[in-house]
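# The following comprises the amino acid sequence and a computationally predicted model.
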Amino acid sequence: LTAEAAGHTNIPVENNPRPLRMFMNNSTEYWVDGSGSLLRMKFPARLDLTSQYSRIGPYFNMPHTGLDAMLLKRARVQFELRPLHVSDPLGDHYPQEVLDCSSRALETLVALTNEVEDARN
């Protein structure tokens, strides 16, 4: 991500995050981009499925659990993203540009979150 890509014209601070009830049918707050579409960010990262904040169970991949399939449609998983780092098991194979992009993307997410929290407090 460049500073321009994370700029306020692409990710406006005004009215962000906000519920998108028309599209999502819930009251969860979502980030939107400058055109009002759901914000999507693509960046390299590791999924940490075993962290203390992860909520993912083995039953998601078991076909014969006896669980009601309709309940599974509403189930949500939660996991942590970790930036790629040179100390990762394959970290010495990551190009520097990939490491930089991963770090900048997560820094952007933290900055956006902090701006909202500061504005609300």
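Cool, got the structure.
# For this protein, name the helix or strand with the lowest mean pLDDT.
helix 69-73 (a mean of 64; mean pLDDT, DSSP states H and E).
# residues in contact with the lengthiest helix in the chain?
Ranked by residue count and defined by DSSP state H, the top helix of the chain is helix 96-120. Helix 96-120 is contacted from outside by 1, 6, 11, 13, 16-17, 31, 41, 43-45, 81, 83-86, 91, using Cβ atoms under 8 Å, 6 or more residues apart in numbering. Every C-beta, even on glycine, is put in place using the N, C-alpha and C of the backbone.
# How about that helix, which residues are buried there?
Neighbour counts over helix 96-120 (16 or more other Cβ atoms under 10 Å) mark 99, 101, 102, 103, 104, 105, 106, 108, 109, 112 as buried.
# Break down this protein into its strands, ranges please.
18-19, 29-30, 45-48, 80-83 (DSSP state E).
# List the strands paired with the third one, with their directions.
Strand 45-48 has these partner strands in its sheet, going by DSSP bridges: strand 80-83 (antiparallel).
# Can you point out the buried residues in the partner strand?
Those would be residue 83, for strand 80-83 by 16+ other Cβ under 10 Å.
# Other residues contacting it?
Identification of contacts with strand 80-83 by Cβ under 8 Å, 6+ apart yields 45, 46, 47, 48, 51, 53, 54, 99, 102, 103, 105, 106.
# Switch these over to JSON lines; also include distance to residue 24 and pLDDT.
JSON lines is the format used below for those (distance: Cβ to Cβ, whole Å; pLDDT from 0 to 100):
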{"residue": "45", "distance to residue 24": "23", "pLDDT": "89"}
{"residue": "46", "distance to residue 24": "27", "pLDDT": "86"}
{"residue": "47", "distance to residue 24": "23", "pLDDT": "82"}
{"residue": "48", "distance to residue 24": "26", "pLDDT": "80"}
{"residue": "51", "distance to residue 24": "26", "pLDDT": "76"}
{"residue": "53", "distance to residue 24": "22", "pLDDT": "67"}
{"residue": "54", "distance to residue 24": "23", "pLDDT": "68"}
{"residue": "99", "distance to residue 24": "33", "pLDDT": "93"}
{"residue": "102", "distance to residue 24": "27", "pLDDT": "91"}
{"residue": "103", "distance to residue 24": "30", "pLDDT": "90"}
{"residue": "105", "distance to residue 24": "23", "pLDDT": "88"}
{"residue": "106", "distance to residue 24": "24", "pLDDT": "85"}
